[in-house]
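Enquirer: The following comprises the amino acid sequence and a computationally predicted model.
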Amino acid sequence: MNSFDKPPPPEPMSTSLIQVRKLTKSFRKGSNLITPLENLSLDVSRGEFLALMGPSGSGKTTLLNLIAGIDTTSSGNLLIDSQDLGTMSRAQLTRWRSQNVGYIFQLYHLVPILSAYENVELPLLLQALTRSQRRERVEAALELVGLSDRAHHRPAELSGGQEQRVAIARAIVHDPGLLVADEPTGDLDEESAGAVLDLLCSLSRDHDKTIVMVTHDPKAAAVADRTLHLEKGQLVSPGRS
Ligand SMILES: Nc1ncnc2c1ncn2[C@@H]1O[C@H](COP(=O)(O)OP(=O)(O)OP(=O)(O)O)[C@@H](O)[C@H]1O
Ligand SMILES: [Mg+2]
């Protein structure tokens, strides 16, 4: 056997949960092509809490949607837990997302006619669980966000901070490894924002969640392990021009 026949050494196990390589995302608007993300690369470690900042229109939500498997790349590779999202069909991506990702929105997106309990239960209805298994998980998620006593309140009967905590319970109830949050404190007063950020920190530190959070607020970014800025389609570390 000469040296050309030698098999390559095995790839070391990556510690990155998210691996983005030369990712480009374009949108066509009429005759215009908008390319918010161009040739972008990023690694996010397992259990890391990453904050993403950048001017309005710089592509933050676009990047979150790609990482969450809600949208698909124009070119480049996007691997989550070594799975290449670009190779999945729409149906596979939907199934993957329902098992692996929790999404937290700025304006909570709770269903107004459902109670906090029923809102949190929603993602579990996609899974083969009995009613009592669902109850156990919903109660644990509501307890984790400190809202067991509000289970039967509807969103209109909750404060904004409580609504966001219910939305976080909904995002974690199916035990995803990855949480993406798009300006989760953008609509909250300082005290409620602090409670939401404490909760996200605890999910990262004590529950092994990997979190990618978009924020415009430097105080929110400060609680993350690392902050990156999105500018002109590229990610840069703060301080670099
Ligand atoms: N579905 C779409 N179709 C066409 N263009 C889009 C689409 N989604 C986003 N864009 C464009 O891509 C660019 C980036 O948008 P994106 O929403 O990612 O910005 P953002 O950084 O999240 O901004 P903000 O801070 O205001 O939320 C914008 O120019 C936007 O108009
Ligand atoms: Mg956005």
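Expert: Here it is on my side, so go on. Numbering: from 1, shown residues only. Ligands and ions are numbered 1, 2, ... in the order given.
Enquirer: The lowest-mean-pLDDT helix or strand in the chain - contacts with which helices or strands?
Expert: Scoring the helices and strands of the chain by mean pLDDT, DSSP states H and E places strand 234-236 at the bottom, with a mean of 87. Packing partners of strand 234-236 (3 or more C-beta pairs under 8 Å, 6 or more residues apart in numbering; DSSP states H and E): strand 32-45, strand 226-231. All C-beta atoms are positioned from the backbone trio N, CA, C, and that covers glycine.
Enquirer: Nearest to ligand 1, out of those strands?
Expert: Nearest of the helices and strands packed on strand 234-236 to ligand 1, taken as C-beta to the nearest ligand atom: strand 32-45 at 3.8 Å.
Enquirer: related to what we said a few turns ago, and the helices and strands packed on strand 234-236, which is most packed in?
Expert: Each of the helices and strands packed on strand 234-236 was scored by mean neighbour count; the highest is strand 226-231, a mean of 18, by mean count of other C-beta atoms under 10 Å.
Enquirer: Contacts for that one next, please.
Expert: Under the contact criterion C-beta atoms under 8 Å, 6 or more residues apart in numbering, strand 226-231 has outside partners 37, 42, 48-55, 58-60, 63, 221, 235-238.
Enquirer: What strand or helix carries the residue nearest the centre of the chain?
Expert: For the chain, Val180 is the residue whose C-alpha lies nearest the centre (C-alpha atoms, centre = their mean; 1.3 Å). Using DSSP states H and E, Val180 sits within strand 178-182.
Enquirer: okay, the angle between that strand and strand 32-45?
Expert: Here the directions of strand 178-182 and strand 32-45 differ by 140 degrees (axes from the mean of the first three to the mean of the last three C-alpha atoms, to 10 degrees).
Enquirer: Taking their axis directions, whichever helix or strand comes after strand 178-182 and strand 178-182 sit at what angle?
Expert: Per DSSP H and E, the first helix or strand lying C-terminal to strand 178-182 is helix 190-207. Helix 190-207 runs at 160 degrees relative to strand 178-182, counting by the same axes, to 10 degrees.
Enquirer: How far away from the center of its chain is the next helix or strand after helix 190-207?
Expert: With elements assigned by DSSP H and E, the helix or strand that comes after helix 190-207 is strand 210-214. Relative to its chain's centre, strand 210-214 lies at 5 Å (C-alpha atoms, centre = their mean, to the nearest Å).
Enquirer: can strand 210-214 be found next to ligand 1?
Expert: No - using C-beta under 6 Å from any ligand atom, strand 210-214 never reaches ligand 1; the gap is at least 6.6 Å.
Enquirer: now the angle between strand 210-214 and the strand holding Val180, please.
Expert: Using the same axes, to 10 degrees: strand 178-182 against strand 210-214 is 10 degrees.
Enquirer: what's strand 178-182 packed up against?
Expert: helix 60-67, strand 101-104, helix 190-207, strand 210-214.
Enquirer: ok, and what's touching the shortest one?
Expert: Translated: strand 101-104. The contact list for strand 101-104 (C-beta under 8 Å, 6+ apart) reads 68-70, 164, 167-168, 170-172, 174, 176, 178-182, 184.
Enquirer: quick one on the thing from earlier: can you tell me which of the helices and strands packed on strand 178-182 is most buried?
Expert: By mean count of other C-beta under 10 Å, the helices and strands packed on strand 178-182 have strand 210-214 as the most buried, with a mean of 24.
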